[in-house]
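Trainee: Need coordinates for the below:
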Amino acid sequence: MPQRPALPLPVSLPPSSRRTLLAGAAALAAAGYAAPAEAHRGGAHGHDRRTRLTVLGTTDLHGNVFNWDYFKNAEFDNSTHDDIGVAKVATLVAAMRQERRGEPTLLLDAGDTIQGTPLAYYYARVDPITEGSKHPMALAMNLMDYDAAALGNHEFNYGIDTLRAYEEQLNFPLLGANAVDAVTKRPVFPPYVVRTFKPRHGPRITVGILGLTNPGIAIWDKANVEGRMEFPGLVEQAAKYVPEMKRRGCDVVIVSAHSGADTSSSYGDALPPENAASLVAAEVPGIDAILVGHAHKEIAQRYVRNTRTGRDVLLCEPLYWGMRLAVMDLQLERDRGGWRVERATSQTLNSNLVAERRDVAAAVRRQHDLVVAYVNSVIGTSAAALSAARAVVEDVPIIDFVQYVQADAVKTATGGSLPVLSIAAPFNRSASFPSGEVTYRDVAGLYIYDNTLLGIQVTGAQVKDYLEFSARYFQQVSGTGPFTMDQVTNAVTETAPNGTPDYNFDSVAGLDADLTYDIDIAQPVGSRIVDLAYGGVPVAADQQFALAINNYRQSGGGGFPHVATAPVLYNAQVEIRQLLIDWVTANGAIDPAQFASTDWRLTSGGQPITVT
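Mentor: Below you'll find the model as predicted:
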């Protein structure tokens, strides 16, 4: 395994970082930095026996360099006012390196870097890096001087050629001990990298960094990897390579794992566990700390006890998109001519109170500005003005469009052996397509969440149960109105004391034949779906369907029945928002005559109601 030369300490910073760090301590304090209770011990004897290794970490950056929402054409903001993007994280990294000058420091990433924003999409599909363009994430991360990054599952979304082109542009290795050749079963990316540091006192510190990716790639990107790569379990491959790293003299072993900490799998037991970081910590001896990714959760500090050694392994997961930087402090003590980890702690720093690092922002600014213009460019036309304003009380064509594109994608992927249905919710009542030119951003505004598409198998009885559950969204009324929207929608329930949100009202439509039904909101919850038919024929309880559904709903979001345990027919982790954009780009014209139909209506006692 190639090994970088020993690094002299202190680690030097680029001139631009020195300028940024005039107020570095203030930046760290603002970001929530708390000095560890047991810091590096100085003094003539302390330097001989102890030192500190700092591991900085990011994960799930998903193509975010700037604090920018390309779909809203505005700065990113959320309910907790987080900021995003590696340009801000870079300021924290430089400040931490300055704060820890004279001590060994590593910067790692746990995967999912080249997919997730229009910026990343543009340099994969519009001006692809396979044809000579530079990837904006490579430009930014090279300036930040990463030591290594684990492969994420989304690294494979644009195909192996794009991934390899990205890899060639990096100044640091992409690690994947469990990404192996389908024939030889040998890793097709470096499994690990070894870094050595020479402190001012004592022997060299040898650190091994093992990279692990997600077995789900075999399902999610089957079209890109089948017959070329396989993805065995994280525990299996860690058990193989950690002893090898130890034999090579690694005093410390750090794992960067694109796999969540809370053991689970979205694909059942078809493959080794999707989220297995805790299993790796518990079952593989010799690991000191794990930088966790994939789950889009924040774990400031967690310990998992290894069942064989009894030692605690530190786990830390910073929040996604660059909202946080992980800081893991490993206190090292001299041991038999080498070093061992005496104590490990971690915390996460918040990027929303620091400025962008100027050199990182400048390196990508031109590409960012180009993509902002692209997102606001025309990608097609609409034959009519379409609006989601009344999507919560009537079947409107703009929601039919979502269902049509989703269902068509599932039919294409599964071969159409089952009739295909599709669910959709009115995520954004203000979404609309103008009559005439439609921009990339118009389409993106219709689907405001980062959901991916799945296809599952359901029965007719399960479809009815699903629709009954969805119909809880409506308040119970008597008579046919007229009612205002507020009088019939957003019903208060035990699980929604402030009213059922719009995103938990799903309608269901058929692709090759209409799925028709009434929602009688004069009836109590559980008895509202009337005259459910497919192609004009009543749906039988045992009738089989493929159902196009988003990953939030399929994974249990909203608590809808049956879908979380239904057989999965398709899961390529394609973002639905991008699927809609791609459809418009490919087809040019959005014509409601192609997909619009009135499949459901609100009734009271069998009579249509009027909602103003």
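
Trainee: Might you report the residue contacts of the residue nearest to residue 605 when sequence neighbours are not counted?
Mentor: Excluding the flanking residues, the one nearest residue 605 by Cβ to Cβ, 6 or more residues apart in numbering is residue 522, at 5.3 Å. For every residue, glycine as well, the C-beta is placed using N, CA and C. Contacts here follow Cβ atoms under 8 Å, 6 or more residues apart in numbering; on that basis residue 522 touches 476-479, 603-605.

Trainee: among those, who's most crowded?
Mentor: Counting neighbours by other Cβ atoms under 10 Å, the top entry in the contacts of residue 522 is residue 604, with 22 neighbours.

Trainee: give me the beta-bridge partners of that one?
Mentor: residue 607 (DSSP bridges).

Trainee: Using neighbour counts, pick out the buried residues of stretch 87-106.
Mentor: 87-100, 103-106 (16 or more other Cβ atoms under 10 Å).

Trainee: quick one, what contacts the closest residue to residue 447 other than its chain neighbours?
Mentor: Excluding its sequence neighbours, the residue lying closest to residue 447 (Cβ to Cβ, 6+ apart) is residue 577, at 4.2 Å. Residues near residue 577 by Cβ under 8 Å, 6+ apart: 71, 443-444, 447-451.

Trainee: Any chance of JSON lines for those residues, columns secondary structure and neighbour count?
Mentor: Output for the contacts of residue 577, formatted as JSON lines (DSSP: H, G, I helix; E, B strand; the rest coil; neighbours: other Cβ atoms under 10 Å):
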{"residue": "71", "secondary structure": "coil", "neighbour count": "18"}
{"residue": "443", "secondary structure": "helix", "neighbour count": "25"}
{"residue": "444", "secondary structure": "helix", "neighbour count": "21"}
{"residue": "447", "secondary structure": "coil", "neighbour count": "25"}
{"residue": "448", "secondary structure": "coil", "neighbour count": "16"}
{"residue": "449", "secondary structure": "coil", "neighbour count": "14"}
{"residue": "450", "secondary structure": "coil", "neighbour count": "18"}
{"residue": "451", "secondary structure": "coil", "neighbour count": "19"}
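
Trainee: From those, pick the one nearest residue 339.
Mentor: residue 450 (41.7 Å; Cβ to Cβ).

Trainee: close enough to count as contact, the closest one and residue 117?
Mentor: No: Residue 450 is not in contact with residue 117 according to Cβ atoms under 8 Å; the separation is 9.9 Å.

Trainee: Quick check: neighbours shared by those two?
Mentor: In contact with both residue 450 and residue 117: no residue, using Cβ under 8 Å, 6+ apart.

Trainee: What helix or strand is the residue nearest to residue 447 located in?
Mentor: helix 576-587 (DSSP states H and E).

Trainee: Give me the mean pLDDT for that helix.
Mentor: Averaged over helix 576-587, pLDDT sits at 94.

Trainee: could I have that helix exported to CSV, CA atoms only?
Mentor: What follows is helix 576-587, C-alpha atoms only, in CSV (Å, rounded to 0.1, in the frame of the first residue of the first chain):
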residue,chain,number,x,y,z
ILE,A,576,-37.2,12.3,-8.0
ARG,A,577,-36.6,16.0,-8.5
GLN,A,578,-33.8,15.3,-10.9
LEU,A,579,-35.9,12.6,-12.6
LEU,A,580,-38.6,15.3,-13.3
ILE,A,581,-36.0,17.7,-14.6
ASP,A,582,-34.4,15.1,-16.8
TRP,A,583,-37.8,14.1,-18.2
VAL,A,584,-38.6,17.7,-19.2
THR,A,585,-35.1,18.2,-20.7
ALA,A,586,-35.4,15.0,-22.7
ASN,A,587,-39.0,15.5,-23.9
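
Trainee: right, and the helix or strand after that helix?
Mentor: Next along from helix 576-587, by DSSP H and E: strand 589-590.

Trainee: Starting from that following strand, tell me which strands it pairs with and how they run.
Mentor: strand 378-382 (parallel).

Trainee: Now find how far off-centre the strand it pairs with is within its chain.
Mentor: Counting by Cα atoms, centre = their mean, to the nearest Å, strand 378-382 is centred 28 Å from the centre of its parent chain.

Trainee: Give me the residues contacting it.
Mentor: Strand 378-382 has contacts (Cβ under 8 Å, 6+ apart) with 433-440, 443, 581, 584-585, 587-591.

Trainee: tell me the contacts of residue 83?
Mentor: If you count contacts by Cβ under 8 Å, 6+ apart, then residue 83 has 67, 76, 322-323, 351-352 around it.

Trainee: Pick the one among the contacts of residue 577 closest to residue 300.
Mentor: For the contacts of residue 577, the nearest to residue 300 is residue 450 (23.4 Å; Cβ to Cβ).

Trainee: How about the contacts made by that closest one?
Mentor: Contacts of residue 450 (Cβ under 8 Å, 6+ apart): 116, 575, 577.

Trainee: now the residues you listed in a markdown table, with distance to residue 531?
Mentor: Shown next, in a markdown table, are these (distance: Cβ to Cβ, whole Å):
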| residue | distance to residue 531 |
| --- | --- |
| 116 | 42 |
| 575 | 35 |
| 577 | 33 |
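
Trainee: how much space between residue 542 and residue 570?
Mentor: Distance of residue 542 to residue 570, given as Cβ to Cβ, to the nearest Å: 22 Å.

Trainee: In terms of neighbours, single out the busier of the two.
Mentor: Counted by other Cβ under 10 Å, residue 542 and residue 570 do not tie: residue 570 has more neighbours, with 20 against 8.

Trainee: who's the more buried one bridged to?
Mentor: residue 455.

Trainee: So it sits against residue 412, correct?
Mentor: No: assessed by Cβ under 8 Å, residue 570 is found out of contact with residue 412, at 9.3 Å.

Trainee: What lies in contact with the helix or strand harbouring residue 368?
Mentor: Using DSSP H and E, residue 368 falls within helix 358-375. Helix 358-375 is touched from outside by 14, 16-17, 19-20, 65-66, 68, 70-71, 73, 86-87, 90, 118-119, 122-123, 126, 136, 139-140, 143-144, 439-441, 444, with contacts defined as Cβ under 8 Å, 6+ apart.

Trainee: What average pLDDT does stretch 151-166 get?
Mentor: pLDDT averaged over stretch 151-166 gives 95.

Trainee: ok so, going back, identify the farthest-apart pair in the contacts of residue 83.
Mentor: 76 and 351 (11.0 Å).

Trainee: Can you check which residues contact both of the two?
Mentor: Joint contacts of residue 76 and residue 351 (Cβ under 8 Å, 6+ apart) are 82-85.
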